[in-house]
Every structure is written in C-alpha cells, then in structure tokens.
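> only geometry, no sequence info:
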C-alpha cells in the first residue's frame with residue numbers, strides 16, 4: 001500500500017495544493033512556539049531558500065500495520081542555494097487527543113541520508129520507519145519538517 005503527498009512532478013510550477021497550507025494548524029502553532037515563524041514555512045514545490053518545508057501526512061495506513069513487515073517514507077528533494085549541508089529532517093507523530101507532536105525521527109540530511117547535500121543536488125531520500133511502526137509510535141497522521149535550504153517535491157509512504 002502506498003500513500004503519496006504532493007505531486008511527483010519534478011518541482012513543476014505552480015506549487016501543489018495541500019489540504020493545510022502549510023500544515024495542520026495545531027502543528028503550525030507548535031512550530032511557532034518552538035521558534036519557527038509561519039512566515040518561514042512552506043509546502044511542496046517551493047524553490048525558495050530559508051524556508052522550512054512542513055507537511056501534514058494523513059496516511060490512513062495505521063489500520064494495516066498488523067501483519068506488515070516494513071514502512072518506508074521517501075521524499076523527492078532538491079538542495080537549494082544557501083547552506084543545505086546543515087539541513088535536517090524531523091518527523092513527528094500526531095496525538096490527536098491533545099494535539100501534541102512526538103518526534104519519531106530526527107536526522108541531518110547529509111551525511112546520514114545522502115553522502116553530500118550541496119546546492120542544485122536532487123535526490124530521493126528514504127527513511128525506514130519500520131521500528132517506529134512496530135513499537136506503535138505512528139498513529140493516523142504524521143507531521144514532516146525539513147529545514148531550510150531544501151525543497152520537497154513529494155512524499156511517499158509505502159507499507160509492505
């Protein structure tokens with residue numbers, strides 16, 4: 001099973017429409033409280049540096065986790081001018097009961113996910129979330145944030 005967010009169109013304009021712009025409003029409030037201003041957030045296909053890509057992933061896969069063997073999240077990314085080499089990715093689970101956001105994955109893009117990350121580099125970056133799935137850290141909605149000189153074209157979650 002696969003859920004795709006954004007349109008895998010190699011960053012073709014205009015930016016993709018998203019149900020929350022840029023993300024689930026309580027998540028935006030959470031990021032604001034943690035030093036990321038709404039004016040510094042964007043969503044898919046934005047090729048402007050110094051913005052955090054944020055996206056809400058209502059994936060609908062949780063009901064299929066029993067018996068599943070692997071959960072992978074991949075995103076098509078482009079390093080923008082600026083300092084992409086220090087950019088990081090954080091994925092949060094959403095606790096819908098009290099609108100809290102627990103970090104389930106946190107990493108620099110380079111060298112952990114790709115060997116190098118310099119301006120005008122394109123990559124499909126994949127993260128194995130199987131351990132988080134098997135330990136019940138993933139609910140029905142994830143929040144995704146990449147900072148701040150990296151653009152994201154689309155995100156795909158695949159459950160096997």
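The structure has been received and is ready for your questions. Please read all numbers here as calculations on a predicted model, not as lab measurements.

> I'd like to know how far residue 148 sits from residue 9.
According to C-beta to C-beta, to the nearest Å, residue 148 and residue 9 sit 22 Å apart. To be clear about C-beta, it is placed using only N, CA and C from the backbone, and glycine gets the same treatment.

> which one of those two has more residues nearby?
For residue 148 versus residue 9, the count of surrounding residues by other C-beta atoms under 10 Å is larger for residue 148: 21 against 13.

> ok, now which residue in the chain is the farthest from the centroid?
residue 67 (25.0 Å; C-alpha atoms, centre = their mean).

> ok but that one is inside a strand, no?
No - under DSSP: H, G, I helix; E, B strand; the rest coil, residue 67 sits outside any strand and is assigned coil.

> and it, what is it in contact with?
Applying C-beta atoms under 8 Å, 6 or more residues apart in numbering, we find residue 67 in contact with no residue.

> contacts for the helix ranked longest in the chain?
Under DSSP state H, the helix in the chain containing the largest number of residues is helix 25-33. Applying C-beta under 8 Å, 6+ apart, the contact partners of helix 25-33 are 20, 22-23, 38, 41, 52, 54, 56, 92, 94, 99-101, 143, 145.

> Can you tell me the element the residue nearest to residue 137 when sequence neighbours are not counted falls in?
In this structure, residue 137 finds its nearest non-sequential neighbour in residue 104, 4.8 Å apart by C-beta to C-beta, 6 or more residues apart in numbering. Assigned by DSSP states H and E, residue 104 belongs to strand 100-108.
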